[in-house]
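J.: Fold the following for me, if possible:
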Amino acid sequence: MLGEKLKQVVYSHQFVNLAGDNLTNVSLFEEHCENLLCDLISLSLNRYDKVGPSEALIRHHCPCACIKELWVLLIHLLDHRSKWSLSESFWNWLNKLLKTLFEKSSDRRRPSVPIIQPRDPLGFSWWIITHVASFYQFDRHGAPDERRQMESNWNFAEELLKKSISVQDGILEEQLRMCLHCCLTLCDFWEPNITIVTVLWEYYSKNLNSSFSISWLPLKGLVNIVKSSLSMLEMVKTCCCDKQDHDLYKSNSSYTIFLCILAKVVKKAMKNNGPHPWKQVKGRIYSKFHQKRMEELTEVGLQNFFSLFLLLAAVAEIEDVASHVLGLLNFLKPTFITSSLIWKGQMAFLLMYTQKNLDISVLAEKFSSAFREKAKEFLVSKNDDMGQRQTLWTLLSIYMDGVQEVFETSHCLHPSHEKLLNDGFSMLLRGCQESELRTVLSFLQAVLARIRSMHQQLCQELQKENMDLIAQSSLSAKERHLAAVASALWKHFFSFLKSQRMSQIVPLSQLADAAADFTLLAMDMPSTAPCDLQPQPVTSMIQLFGWDDIIWPQVVARYLSHFLQNSMLCEALSHSGCVSFQALTVRSWIRCILQMYVKNLSVPDDVFVDLSPEQAVEKEYMEQLAELTRLLFKLSEVKNIFSEAQVEYSPIPEDPRKALVQFLEAVGITYGNLQKLSDKSAMVTKSLEYLGEILKYIKPYLGKKVSSAGLQLTYRMMGILVKSWAQIFATSKAQKLLFRIIDCLLLPHAVLQQEKELPAPMLTAIQKSLPLYLQGMCIVCCQSQNPNAYLNQLLGNVIEQYIGRFLPASPHVLSLGQHPVLLAVRNSATVPPMSSLKKCIVQVIRKSYLECKGSLLPPRLASILAFILQLFKETNIDISEVELLLPGILKCLLLVSEPQVKRLATENLQYMLKACQVGSGGERAAQLTSVFRHFIQDYDTRYSYQIYNILETVAALDQQLVVHLISTLTQSLKDSERKWGLGRNIAQREAYSKLLSHLGQDGQDEMQRLENDNT
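T.: The predicted model follows:
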């Protein structure tokens, strides 16, 4: 009856009358609800005992799905009943029971069903209300309902928050992180609550200098050190993110979680209620910072300060926040003036302005001025205290990293961007050492790349059609701002790079990269280049860093690789009137290969003894040369040369040195195939252009500092050049260069001093390459447009010098076989001009190695006789050569008693006679007879007996030859007897008769005549 009247179900222990006078005060429904909630809480407490702080948001409080459904139904029932009657809501019921957990056992109101006393009532309360709050997302059937309003429980959460940050018993950071994670999750579920921000700020404003680290995670403190301005912004971005990582050990600190709560509450509140909530928060936060508080901040406190204000700037008024921060920084202690953290913080604000596409002029002006001052101090402190220098470098690095990020994240440039690139960089560059220069040049390259990228985008926009005046005006302004920044880069960076072209202070690879970037900038924006590069800045740049012979080859090789890779740049040069750019590039390539070992000259040559020539060159440089060679072989001029020479070549050469040999040979063949005189003349001019001042390239190897690998490369390449370009060198236009090559490499002043030994590495290099020079010079002598006595003299001088220098100490045939002069004749015996080389060799031997100087015999006679013998064994003997050498050999047999010399001279005589048999022709017989006749006439008076012995040997090989000499011998005998006036010389006549006895009938007849002769 009562239920019908009150339109609700009433549970009670008893009814006395309809008026309800004796109704009980405690409803059965409330008792059952309390019992049910106590049971649910007890179940949750059992699960909580197994949950660690880090698992609070991962581990649910419901042991099974049916318990979850029970919670959801209870929420719906109690909230529905509260809505239509004066009964309490679900949150009030739960709060009331949870509060009993905090009461002392003597004061606690005992619920009808006792609840287990938890080990951590505060943590448990946060845990359970956070998970229960999520159940408001479900309807009474347990299905998700996005339209359902989430009932908040902020009043109880505020009480819990105040308990969490109470300092009476001390606060565990680990526990605080768990509580704040729960609070952050509730901020997602419920409407924004400024009070919780205020409560938390009261705590953190008093503990701003704390690191909020977990004691048993000692390494975690290191993570709190801010590495860069960008990491500051990343932290802020993470705090403002809607989805958070619930692993509290991955959080930097509870302070970071507070910042997440602050960001979420302010964003939600401003979205719902406009700027008023922000003003409330701003007032609370700003009021805590004054001069005294700023002076109290430590390094950690300053870091927390920046984190807070960067977050406020990200979610609210950035200009207001940034301005306030700049003002507060003036209150810091003097010790913080050079703190890297201040620079990182200010740069973080600058980056945030850039990301929001705001005008950075105010911040840029102040920050760039500070940079200029520190750069000046850095330049002055070049040789001062290293600690001070390192502090300055840290600040300057922060600035460069930040400015680079500003340029890379800016959608377009403003006049304020130019302010960031002031003359501080000019001072900084001059004060840097190598490692520091790497950083600055990396910064420069990044900014140059960004400027070029923005310029290309701008050009694409300018090419669009149907553009209104406003858009055109905007693009023009962008173009002006871009040009201003480019001009600043030329002004503050390029002048330094230009001055360091020949220095080794600047890392060579980065110097080349930066120069290449400036070249591309000059191509894109030529008007921004300085006056000294005008009117053709691109050509001027390549001349400075690619074609100039004084630049390090490592720079040139890397620079030219960049240049040749850019087809637009090559095309622009082709149409710029620079017709020789391919030839000049080939010249630089040749220099880079020839000078690949120049860098080794600064190190003792012994260091490279056990290394191969490939290992003696830096791997990076060899790879760079290979890349340059690959790109060079794509040039039309180079491809035409190989095509006309019909020489196969690898488009991807593995060894640049082999590629150079192929190219030099191809040039020589191409010239030889030309028919027209005009084409030949043009080819000579072009070839000489390829070489340039080639002797300057190899000059470093010929000084006092020795590089074995460098000398080997030099002599080999120049030898190949002399041989393969012999026809070119035969022209009057190129002959001067040939003379200089021979004088420089083969006949330097040291060579002409016989008593002075050449360095062993140089002698080895000459020995290996000398055949190439001799063959090339011989071809030039034969094909020279104008017969040149000087060239023949040079060839003779070279042969004279090196026959002796490479003669072995003892005349072993095996060692003689590798004599470079013999190799030159042996390897070219089939080439017609080489007969003149052999003739020249014979003439030199006769003049310099078989001639007696007064009574002195030639030195190393045995070795030279062995050399002559080997020469005749390996080549065809000509009678004219026999005529030149035979007198000297006969003289050796006559005058030298040394057995080895006699044996070798006899072998030579026998070999010549066998090769020039009298029966082979009357002319040869007459020439040989003439040689012997003169020999007899010159020496028979004093050495008649020795002559007879020699002729006995000759008679054994060629009897007829000696027969022809009988009349001369007889006359010489009579002249000798007449001279002495003692009548017949019986002893001499007996010796002569012995010789005649070997000559057959002609000898017998002459013996008879001598017997019958009475005179």
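J.: give me the element the residue nearest to Arg1009 when sequence neighbours are not counted is part of.
T.: Nearest non-adjacent residue to Arg1009, counting by CB to CB, 6 or more residues apart in numbering: Thr970, 7.8 Å away. C-beta coordinates here come from the backbone N, C-alpha and C atoms, glycine included. For Thr970, the element it lies in under DSSP states H and E is helix 966-980.
J.: Please identify the buried residues of whatever helix or strand comes next after that helix?
T.: Proceeding N to C from helix 966-980, the next assigned helix or strand is helix 986-996, under DSSP H and E. Within helix 986-996, the residues scored as buried using 16 or more other CB atoms under 10 Å are Gln988, Arg989, Ala991, Tyr992, Ser993, Leu995, Leu996.
J.: one step back: the residue nearest to Arg1009 and Leu1010 touch, don't they?
T.: Yes: the criterion here is CB atoms under 8 Å, and Thr970 meets it with Leu1010 at 7.0 Å.
J.: what do those two both touch?
T.: Common neighbours of Thr970 and Leu1010 (criterion: CB atoms under 8 Å, 6 or more residues apart in numbering): Tyr992.
J.: Quick one: residues contacting the nearest residue to Lys237 once chain neighbours are set aside.
T.: Leaving aside its sequence neighbours, Lys237 sits nearest to Ala314 (CB to CB, 6+ apart; 7.5 Å). When contacts are counted by CB under 8 Å, 6+ apart, Ala314 is found next to Val236, Lys237, Cys240, Ala263, Met352.
J.: Could you do Ile877 as well?
T.: Ile877 neighbours (CB under 8 Å, 6+ apart): Tyr911, Met912, Ala915, Cys916.
J.: where does it fall, phi/psi-wise?
T.: Dihedral pair for Ile877: phi -90, psi 130, per degrees, to the nearest 10.
J.: From Lys914, how far off is it?
T.: From Ile877 over to Lys914 the distance is 9 Å, taken as CB to CB, to the nearest Å.
J.: quick check, nearest of the buried residues of helix 986-996 to Ile799?
T.: Nearest to Ile799, judged by CB to CB, of the buried residues of helix 986-996 is Leu995 at 38.0 Å.
J.: Asp975 versus that closest one, what's the distance?
T.: 17 Å.
J.: do Ala512 as well
T.: For Ala512, the distance to Asp975 equals 84 Å [CB to CB].
J.: now the strands for the stretch 351-500 of the chain?
T.: With DSSP state E, counting those that start in this stretch, there are no strands along the stretch 351-500 of the chain.
J.: low-scoring stretches of it, by residue?
T.: Where the stretch 351-500 of the chain drops to pLDDT under 70, the residues are 382-384, 465-468.
J.: That one: helices as residue ranges?
T.: Under the criterion DSSP state H, counting those that start in this stretch, the stretch 351-500 of the chain contains helices at 361-380, 386-409, 415-419, 424-431, 434-462, 469-489, 495-499.
J.: For those, give me TSV that also has distance to Lys268 and mean neighbour count.
T.: Supplementary listing: the helices of the stretch 351-500 of the chain in TSV, determined by distance: least, CB to CB, whole Å; neighbours: other CB atoms under 10 Å:
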stretch	distance to Lys268	mean neighbour count
helix 361-380	29	18
helix 386-409	28	19
helix 415-419	34	19
helix 424-431	44	21
helix 434-462	37	17
helix 469-489	37	16
helix 495-499	53	16
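J.: And those helices: which comes nearest Ile505?
T.: Each of the helices of the stretch 351-500 of the chain was scored for nearness to Ile505 using CB to CB, and the closest is helix 434-462 (6.3 Å).
J.: Run the chain-centre distance for that closest one.
T.: Distance of helix 434-462 from the chain centroid (CA atoms, centre = their mean, to the nearest Å) equals 18 Å.
J.: between that helix and helix 469-489, how big is the angle?
T.: For helix 434-462 against helix 469-489, the angle by axes from the mean of the first three to the mean of the last three CA atoms, to 10 degrees is 160 degrees.
J.: I'd like to know which elements helix 434-462 is packed against.
T.: Secondary-structure packing of helix 434-462 (3 or more CB pairs under 8 Å, 6 or more residues apart in numbering; DSSP states H and E): helix 386-409, helix 424-431, helix 469-489, helix 508-524.
J.: Just read off the phi/psi values of Phe138.
T.: Per degrees, to the nearest 10, the backbone of Phe138 is at phi -110, psi 150.
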